[in-house]
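Need coordinates for the following:
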Amino acid sequence: MTDPAPTPAPRPATGQDTASPPHAEANAPEPRHIAEFGADQPQQTVAPVGFAALLGVLGVVYGDIGTSPLYAFRSTVEVISGHHQVAPWEIMGVASLIFWTLILVVTVKYVLLIMRADYNGEGGILAIMSLAQRVTSSARNRLILGLVGIVGTCLFFGDGIITPAISVLSAIEGVEVSVPAAHDVVIPVAILVIISLFSVQWIGTGRVGTIFGPVMLLWFGTLGALGVIEIIHHPAILMALSPTYAAEFVFYHGTLSFLALGSVVLCVTGAEALYADMGHFGRAPIRYAWLFFVLPMLVLNYFGQAALVIADPKALANPFFMLCPHWMRGPMVLLSTLATVIASQAGISGGFSICRQLIQLGYMPRLRVTHTNAEEEGQIYLPDFNRFLAVGAVLLVLAFRSSDALASAYGIAVTGTFICTSILAVAVFQRHFKWPTWQVALVFGSFLLLDGTFFTANALKIPDGGWVPVLLGAVLTLMMTTWKKGRGLIITRQRQDSLPMGSFIARLPQSRTIRVPGMAVFMTSTPDFVPPCLLHNLRHNRILHDHVLFVTVLNLDQPEAERGHRVTVEELAPDIYRVILRYGFMEMPNIPRALEELKANGVNFDALQASYFTSRELITRSSVPKLSRWRLSLFMFMFRNSTSSMEFFRIPPDRVVELGVKVAI
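Numbers count the residues shown, from 1 in each chain. Just a heads-up that it's a prediction; the model follows:
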């Protein structure tokens with residue numbers, strides 16, 4: 001689908017390796033613009049809508065929302081059964097609420113509306129945040145939108161930790177339906193499955209996910225078949241398709257229905273994945289898979305559970321597994337365990353991608369990134385982040401010990417992300433798509449009201465476990481904003497203490513600097529100023545190589561650098577060049593590979609002979625600190641544990657010279 005409004009020209013994002021676009025200083029020789037060229041990756045193309053694409057969508061995109069029938073319906077009805085015996089009309093009301101939540105939140109909001117707001121084909125909360133900031137002229141509003149996006153991202157991380165815990169627990173609990181004595185082994189087995197899942201992440205998503213599509217095809221088909229069988233016996237449940245049953249349930253129960261909505265929202269967990277994975281598959285496969293397969297199968301299963309509970313109230317103990325014939329419950333536990341592992345895998349892989357994007361945008365320190373596929377840039381593994389998710393999931397299983405208890409923590413993370421996405425969508429649809437103000441207010445005001453209702457209902461569960469994602473989101477937001485602020489202060493200090501590049505180039509012919517054979521690549525985040533590592537090298541060694549490259553990595557607030565605009569190179573003086581490398585937040589920098597392109601434009605670059613000079617900042621507290629003591633301590637802790645620029649930029653370690661530079665902030 002073509003967007004009705006054109007995308008504005010790219011604007012660089014500020015971050016740990018960003019700087020203003022280079023320009024020539026007044027006292028320097030006019031730099032000679034050599035070329036602007038190169039793109040490591042092709043432009044985004046729309047994936048063909050074939051069976052393979054649809055199978056891939058099932059395996060990656062719909063794992064989380066596809067396992068919601070394990071616990072969503074049961075958790076909602078248990079809210080009512082905790083106060084009185086549940087009547088058939090109330091079961092009908094719950095089924096109707098779930099159906100219309102799926103229609104409004106997933107189908108209308110995400111599939112039909114939000115997925116239109118792609119950023120060069122990419123989706124996800126960071127993509128819509130960057131798009132919203134780009135079309136917003138006010139610096140204050142851009143800051144607010146950025147904070148909204150970061151809060152939503154932090155809640156997404158909370159979702160990524162809770163998903164493996166609640167999904168695996170709900171699947172393993174199915175054993176208790178047939179073997180009640182197995183209650184004591186549920187927790188150990190769940191922990192074993194979770195640890196095994198995180199232990200194989202180093203293999204790579206491509207290999208781990210080879211069976212995802214067929215398994216999820218079987219899973220959704222089984223969901224629909226089980227629901228159809230029960231609906232045939234009790235076809236009156238189909239009357240719940242009418243919204244009047246949902247409205248009657250809400251108006252009759254009042255406050256109690258408000259509490260029930262906190263569990264109803266569990267049926268749409270994973271809705272954000274539809275948008276986040278749009279860059280991998282395109283809109284069409286995701287939309288077709290949802291409208292013509294996933295949605296019908298989910299509705300059939302939810303209605304089948306409702307029909308079963310109406311016919312046999314005892315089935316409320318675990319309506320999902322009691323839908324199965326007795327002989328099928330064992331295989332269904334195995335199938336549901338595989339499905340929940342797939343749902344967890346989707347969250348883990350998404351977490352890796354979001355983490356990388358945050359690093360590129362300058363909100364997180366550099367972390368070690370391993371590429372698990374030589375051909376697919378997006379298949380990555382972050383060991384440190386993987387351990388963080390694994391420890392968090394295991395601790396949640398040990399602390400809550402059941403999927404019902406974890407549901408309290410799950411809902412607030414999901415609904416918080418929904419609200420953040422809706423807020424960002426207001427700016428995008430009003431200023432990018434040029435919707436009239438009244439139309440934006442009517443459509444997204446309604447969604448914000450719905451999202452706010454779900455969030456408030458879950459906020460009542462904060463004492464019962466909802467505090468987990470709230471605390472996690474607050475801590476992560478604090479860490480990200482602290483890192484962003486600290487890196488900005490470092491770059492500002494470096495500019496204040498550095499020599500302007502123009503002055504250095506102008507004085508170079510009269511200096512006594514000895515030129516030696518070879519090529520030196522100086523990494524700098526401030527291309528208009530001389531890198532501190534060069535000044536230290538001159539101060540101590542008093543030499544300069546015959547060929548010099550000043551290289552700046554510029555992070556863009558768009559998914560990928562545009563074709564032909566990856567590299568800009570300018571000749572500042574004979575054999576001295578300023579090189580700007582641009583990367584979007586969905587890309588990983590590879591400095592040696594990017595510099596290889598310079599040879600095609602007359603720059604004599606030899607990767608085997610180049611020496612890379614980088615600065616290692618030694619952070620100290622200035623006499624007039626810009627950060628409070630505790631926040632500076634947090635920043636320094638993050639700084640000490642960040643991955644070196646050498647490893648992050650994939651520079652050969654035997655070609656690097658790292659010089660310490662003291663920076664007071």
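
I'd like the distance between G564 and M646.
Taking Cβ to Cβ, to the nearest Å as the criterion, G564 is separated from M646 by 28 Å. For glycine as for every other residue, the C-beta is placed from the backbone atoms N, C-alpha and C.

Neighbour count for these two, which is higher?
With neighbours defined as other Cβ atoms under 10 Å, G564 and M646 compare such that M646 has more, 18 against 11.

roughly how far is the host helix or strand of that one from the heart of the chain?
Assigned by DSSP states H and E, M646 belongs to helix 645-648. Counting by Cα atoms, centre = their mean, to the nearest Å, helix 645-648 is centred 22 Å from the centre of its parent chain.

How about residues contacting it?
Outside helix 645-648, the residues that touch it by Cβ atoms under 8 Å, 6 or more residues apart in numbering are 17, 359, 366, 368-369, 523, 589, 612, 614, 651, 653, 656, 658.

If we only consider the residues you listed, which is nearest to A457?
Within the contacts of helix 645-648, the smallest distance to A457 is 34.6 Å, found for I359 (Cβ to Cβ).

so where's the stretch 251-400 of the chain uncertain?
Residues of the stretch 251-400 of the chain that meet the criterion pLDDT under 70 lie in 280, 371-379.

That one: strands as residue ranges?
Along the stretch 251-400 of the chain, counting by DSSP state E, counting those that start in this stretch, strands occupy 370-371, 380-381.

how about the helices of the stretch 151-300 of the chain, start to end?
175-178, 186-199, 205-208, 212-233, 243-253, 255-264, 271-276, 278-281, 283-289, 295-311 (DSSP state H, counting those that start in this stretch).

which strands and helices sit next to the second one?
In other words, helix 186-199. Helices and strands touching helix 186-199, by 3 or more Cβ pairs under 8 Å, 6 or more residues apart in numbering; DSSP states H and E, are helix 139-172, helix 329-361, helix 383-400.

Any chance you could give me stretch 500-518 in PDB, C-alpha atoms only?
Extracted as PDB, the C-alpha positions of stretch 500-518 are listed here (Å, rounded to 0.1, in the frame of the first residue of the first chain):
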ATOM      1  CA  PRO A 500      38.400  22.700  15.000                       C
ATOM      2  CA  MET A 501      39.200  20.600  12.000                       C
ATOM      3  CA  GLY A 502      39.600  23.600   9.800                       C
ATOM      4  CA  SER A 503      42.300  25.200  12.000                       C
ATOM      5  CA  PHE A 504      44.200  21.900  12.100                       C
ATOM      6  CA  ILE A 505      44.100  21.500   8.300                       C
ATOM      7  CA  ALA A 506      45.200  25.100   7.800                       C
ATOM      8  CA  ARG A 507      48.200  24.800  10.200                       C
ATOM      9  CA  LEU A 508      49.300  21.300   9.000                       C
ATOM     10  CA  PRO A 509      51.600  22.500   6.200                       C
ATOM     11  CA  GLN A 510      53.600  24.800   8.600                       C
ATOM     12  CA  SER A 511      53.800  22.200  11.400                       C
ATOM     13  CA  ARG A 512      56.800  20.000  12.100                       C
ATOM     14  CA  THR A 513      54.800  16.900  12.100                       C
ATOM     15  CA  ILE A 514      56.600  14.000  10.600                       C
ATOM     16  CA  ARG A 515      54.600  12.000   7.900                       C
ATOM     17  CA  VAL A 516      55.200   8.300   7.900                       C
ATOM     18  CA  PRO A 517      54.100   5.600   5.400                       C
ATOM     19  CA  GLY A 518      50.800   3.900   6.000                       C
END
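
Show me what counts as buried in it.
Buried residues in stretch 500-518, counted by 16 or more other Cβ atoms under 10 Å: 500-502, 504-506, 508.

circling back: for the contacts of helix 645-648, give me a markdown table that also has distance to A413 and neighbour count.
Putting those into a markdown table (distance: Cβ to Cβ, whole Å; neighbours: other Cβ atoms under 10 Å) gives the following:
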| residue | distance to A413 | neighbour count |
| --- | --- | --- |
| D17 | 30 | 24 |
| I359 | 22 | 25 |
| R366 | 26 | 18 |
| R368 | 26 | 14 |
| V369 | 25 | 20 |
| M523 | 38 | 23 |
| P589 | 31 | 20 |
| Y612 | 41 | 25 |
| T614 | 38 | 21 |
| I651 | 37 | 21 |
| P653 | 39 | 10 |
| V656 | 41 | 18 |
| E658 | 40 | 16 |
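
Next SSE downstream of the strand or helix carrying Y410?
Using DSSP H and E, Y410 falls within helix 403-431. Downstream of helix 403-431, the next assigned helix or strand under DSSP H and E is helix 437-459.

any idea of the angle that next one forms with helix 403-431?
Using axes from the mean of the first three to the mean of the last three Cα atoms, to 10 degrees, the inter-axis angle of helix 437-459 relative to helix 403-431 is 170 degrees.

Helix 437-459 - contacts with which helices or strands?
Using 3+ Cβ pairs under 8 Å, 6+ apart: helix 437-459 touches helix 255-264, helix 403-431.

neighbours of R539, just the number please.
9.

my guess is it is in a helix, correct?
Yes: membership of R539 in a helix is supported by DSSP: H, G, I helix; E, B strand; the rest coil.

Could you measure from it over to R495?
19 Å.

Please apply the same query to L261.
Taken as Cβ to Cβ, the span from L261 to R495 is 52 Å.

Which residue of these two possesses the greater neighbour count?
Applying other Cβ under 10 Å to L261 and R495 shows that L261 carries more neighbours, namely 22 against 15.
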